[in-house]
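J.: Predicted model, plus sequence, below.
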Amino acid sequence: MSSIEILDRANRAIGRQLSNPHGVGGRLVGAAMRYANRWPTRALIDAMDIRPEHRVLDVGCGDGSALAAVPHARLRCGVDRSETMLAVAKARLRRSIHEGRVKLTFGDMMELPVETGGYDRIVASNILYFCEDVPAFIEECRKVAAPGALLGIYVTAAASMAKWRFASRLTHRHFTRAELDKELHRAGAAPEKRTLIELPLPGDVEGLIALVQLS
């Protein structure tokens, strides 16, 4: 096996770990992503205007970084399909869980295991890469959204993703601004109900934030 083939295999393995971190490798990938995502996570939270009265749902909550960044929210709930990441999140948020201010649940973005109509702000950061049907996901968010709820999405733009072999189209969906906007249109989000923001990040990385009014 050539060195190029070995490198390609390694990159695909990292890509799969990003989709669903598990084991020691998953913890290492999670730690690296926590560092890399600290700027877009902060930008997305700021854009969502999360207030003390809000109930917040983080879909694909990972290690709980986004939930930890909004301690003022009335209730915080995280859903993730990675038991490894949920274990890290539980350790990070142990005190808030004990106090009943945070709930963490194992589950999938396409079948959210939370109460319907319960959440004012829904965070979806770095998960659409692994979503085959974005309109169906947004419809699932509508089911659990309270009246006036806002969905906040973050993805790294396709031009930046293309530079990273571990995030190739073999393991990740890529979105340009136009492609993300098209998916939101397909999901029934009218132009006045959706906002797209281009987010320049350190390292010459371009991010995209989408804000969607769910009702």
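T.: Received the coordinates, thanks.

J.: drop to CA atoms for contacts and neighbour counts, all remaining ones
T.: OK.

J.: what's the helix or strand for the closest residue to residue 156 other than its chain neighbours?
T.: Excluding the flanking residues, the one nearest residue 156 by CA to CA, 6 or more residues apart in numbering is residue 207, at 4.2 Å. Per DSSP states H and E, residue 207 falls inside strand 205-213.

J.: what helices or strands is that strand leaning on?
T.: Strand 205-213 sits against helix 38-48, strand 145-156, helix 158-161, strand 194-201, with contacts defined as 3 or more CA pairs under 8 Å, 6 or more residues apart in numbering; DSSP states H and E.

J.: can we see that at 7 Å?
T.: Strand 205-213 sits against strand 145-156, strand 194-201, with contacts defined as 3 or more CA pairs under 7 Å, 6 or more residues apart in numbering; DSSP states H and E.

J.: Would you quantify the distance from the spatially most central residue of the chain to residue 61?
T.: By CA atoms, centre = their mean, the chain has its centre lying nearest to residue 125, at 2.2 Å. Going from residue 125 to residue 61 by CA to CA, to the nearest Å gives 8 Å.

J.: returning to that earlier point: any idea of the mean pLDDT for the strand holding residue 207?
T.: Averaging pLDDT along strand 205-213 yields 97.

J.: May I see the buried residues of that strand?
T.: 206, 207, 208, 209, 210, 211, 212, 213 (16 or more other CA atoms under 10 Å).

J.: what do you get for stretch 57-75?
T.: Within stretch 57-75, the residues scored as buried using 16+ other CA under 10 Å are 57-67, 70, 73, 75.

J.: quick one, what contacts residue 104?
T.: By CA atoms under 7 Å, 6 or more residues apart in numbering, residue 104 lies in contact with 77, 78, 79.

J.: What number of residues are in the vicinity of the first one?
T.: To tie it back to what came earlier, the one meant is residue 77. Residues near residue 77, counting by other CA atoms under 10 Å, number 21.

J.: in terms of contact, does it touch residue 101 like I think?
T.: No - contact between residue 77 and residue 101 fails when scored by CA atoms under 7 Å: they sit 8.5 Å apart.

J.: And the helices in this structure?
T.: 3-19, 23-36, 38-48, 65-68, 83-92, 94-98, 134-144, 158-161, 177-186 (DSSP state H).

J.: Lowest mean pLDDT across those helices, which one is that?
T.: Minimum mean pLDDT among the helices of the chain: helix 3-19, a mean of 58.
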